[in-house]
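Asks: how does the following fold in three dimensions:
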Amino acid sequence: MVQVAAALLFAIAAGLGVTVILAMLRNNETAILSALFGEGAFPLANAPQPGPADKVVTLRRSERRHEAPRPVRTDLTVRPLLSRAA
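Replies: Numbers count the residues shown, from 1 in each chain. Model prediction:
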């Protein structure tokens, strides 16, 4: 009886998984198939092109960051996990 219930639950889960996969394929067929064929998310003509940036922006630190207070470390005392009464 338990094996029959387990087999039934497995069949229901497998059927639900196949249904979800088919629903995903129906909604995003072109995106999924292009990813599976190795084309990626972007078509080759519209893909971002690698290379140096046209304009380089240099970053500088703000003055407020140097004035930020630093946390002070304190020595922690080690206490026994059990009390002496135990």
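Asks: next secondary structure element downstream of whichever helix in the chain runs longest?
Replies: In terms of residue count, the longest helix belonging to the chain (DSSP state H) is helix 2-27. The helix or strand immediately downstream of helix 2-27 is helix 29-36, counting by DSSP states H and E.
Asks: other SSEs contacting that following helix?
Replies: Under the contact criterion of 3 or more CB pairs under 8 Å, 6 or more residues apart in numbering; DSSP states H and E, helix 29-36 touches no helix or strand at all. Any C-beta I mention is one placed from the backbone N, CA and C, and that applies to glycine too.
Asks: let me see the mean pLDDT of that helix.
Replies: Averaging pLDDT along helix 29-36 gives 80.
Asks: could I get the buried residue list for it?
Replies: Within helix 29-36, no residue is scored as buried using 16 or more other CB atoms under 10 Å.
Asks: pull that helix out as PDB, backbone CA atoms only.
Replies: Presented in PDB, the C-alpha positions along helix 29-36 are these (Å, rounded to 0.1, in the frame of the first residue of the first chain):
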ATOM      1  CA  GLU A  29      10.300  29.400 -26.600                       C
ATOM      2  CA  THR A  30      12.700  31.700 -28.600                       C
ATOM      3  CA  ALA A  31      14.800  32.700 -25.500                       C
ATOM      4  CA  ILE A  32      15.100  29.200 -24.200                       C
ATOM      5  CA  LEU A  33      16.000  27.700 -27.600                       C
ATOM      6  CA  SER A  34      18.500  30.400 -28.400                       C
ATOM      7  CA  ALA A  35      20.200  29.800 -25.000                       C
ATOM      8  CA  LEU A  36      20.300  26.100 -25.600                       C
END
